[in-house]
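**Q** what follows is a predicted structure for the sequence shown.
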Amino acid sequence: MKKLVAYITAGFPSNNFTIDLAMSLKESGVDSLELGIPFSDPVADGPIIEEANLKALQNGFKMDHVFDISKQISKEIDTLWMGYFNPFYHKGVDFFIDRANEYGVSGFIIPDLPHEEALIYAKPIEDKNISLISFVAPTDSTERIKKVVQNSQKFIYLVAYAGITGSGASEDLKDTITSIKTFTKTPIYVGFGVDEKTAKNKVDGVDGVIVGSAFVKVLLDDSLSSTEKIKIISQKAKNIKEIINS
């Protein structure tokens with residue numbers, strides 16, 4: 001069974017909404033939830049997720065919101081925190097490790113933390129049974145891939161193309177996937193540009209997909225009620241899960 005990871009922006013438009021959406025996504029077949037920590041300069045994200053980050057911050061987002069949400073959902077659905085390194089550095093990585101351990105969060109996804117710097121923090125994170133997700137890009141050399149994936153945990157985040165989330169670009173990932181599988185048995189999930197139209201192609205040769213912008217776009221639609229947003233996003237998740245396993 002191929003896996004589906006869903007990214008949603010924490011606390012947008014509210015904590016209760018995020019909790020309700022997370023529970024609905026679980027029922028729709030989502031295997032893991034990537035809970036996005038709003039940040040003012042999300043360098044790896046495209047305009048859709050960037051706008052959601054900005055609106056969450058304008059609405060008064062606080063880091064405690066992520067913790068409050070995680071306490072409610074992590075026992076029900078596998079939860080990872082996706083955030084840029086600035087908040088982790090500002091509050092201290094040990095602080096986040098302790099909070100994640102307390103609330104049952106299974107992993108960190110930090111896209112702007114280079115592999116070499118991630119090694120500094122890997123052991124204390126792993127000691128608490130929390131996974132620090134490794135990133136591989138199609139531009140990485142075979143030598144680079146070997147370094148990045150040899151101690152990978154939970155899953156490898158394979159970036160579908162060089163660029164930002166949601167752009168819909170496409171690259172041939174076959175050689176990259178082959179290289180990864182040469183050095184590790186860790187599952188490979190493809191992210192960036194995955195939606196109902198692209199999911200079948202993106203999941204070819206890998207173990208799952210990560211979907212973000214396709215869901216967050218619905219969150220930004222002010223013409224929809226909260227109930228309608230949850231219904232539409234959950235149906236999209238259900239469709240994608242069916243598509244990648246058909």
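**A** Nice, I can see it. Numbering: from 1, shown residues only.
**Q** in this structure, which spans are helices?
**A** 15-27, 47-58, 63-73, 85-91, 93-103, 115-127, 142-149, 174-183, 199-202, 213-219, 226-244 (DSSP state H).
**Q** what pairs with the longest strand along the chain, parallel or antiparallel?
**A** Once the chain is assigned using DSSP state E, the strand that runs over the most residues is strand 3-9. Strand 3-9 has the following strand partners under DSSP bridges: strand 32-36 (parallel), strand 208-211 (parallel).
**Q** what is the neighbour count of Leu119?
**A** Here the neighbour count serves as a burial measure; for Leu119 (other C-beta atoms under 10 Å) it reads 12. Using the backbone N, CA and C atoms, a C-beta is placed for each residue, glycine as well.
**Q** now the terminal residues of stretch 159-172, how far apart.
**A** Its start and end residues considered, stretch 159-172 measures 11 Å (C-alpha to C-alpha, to the nearest Å).
**Q** for the record, mean pLDDT for that stretch?
**A** For stretch 159-172, mean pLDDT is 62.
**Q** could the strands paired with strand 3-9 go into TSV alongside distance to Lys128?
**A** Formatted as TSV, the strands paired with strand 3-9 follow (distance: least, C-beta to C-beta, whole Å):
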stretch	distance to Lys128
strand 32-36	18
strand 208-211	23
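**Q** mind putting the ones you listed in JSON lines, mean neighbour count and distance to Lys181 included?
**A** Shown next, in JSON lines, are those (neighbours: other C-beta atoms under 10 Å; distance: least, C-beta to C-beta, whole Å):
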{"stretch": "strand 32-36", "mean neighbour count": "26", "distance to Lys181": "21"}
{"stretch": "strand 208-211", "mean neighbour count": "27", "distance to Lys181": "14"}
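**Q** distance to Lys241 and mean pLDDT added to those, as a markdown table?
**A** Output for the strands paired with strand 3-9, formatted as a markdown table (distance: least, C-beta to C-beta, whole Å; pLDDT from 0 to 100):
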| stretch | distance to Lys241 | mean pLDDT |
| --- | --- | --- |
| strand 32-36 | 12 | 97 |
| strand 208-211 | 9 | 98 |
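**Q** and Met82, what are its bridge partners?
**A** Residues found in beta-bridge contact with Met82 (criterion: DSSP bridges) are Gly36, Ile109.
**Q** just checking, it touches Asp112?
**A** No: with the criterion set as C-beta atoms under 8 Å, Met82 and Asp112 do not qualify as a contacting pair; they are 11.2 Å apart.
**Q** just to revisit the earlier point, burial-wise, tell me which of the helices of the chain comes out on top.
**A** The densest packing among the helices of the chain, expressed as mean neighbour count by mean count of other C-beta atoms under 10 Å, is seen in helix 213-219 with a mean of 23.
**Q** which outside residues touch it?
**A** 6-9, 12-13, 46, 48-49, 52, 165-166, 193-196, 224, 229, 232-233, 236-237 (C-beta atoms under 8 Å, 6 or more residues apart in numbering).
**Q** Met82 and Asp112: which is more packed in?
**A** Ranked by neighbour count (other C-beta under 10 Å), Met82 and Asp112 place Met82 first, with 28 against 15.
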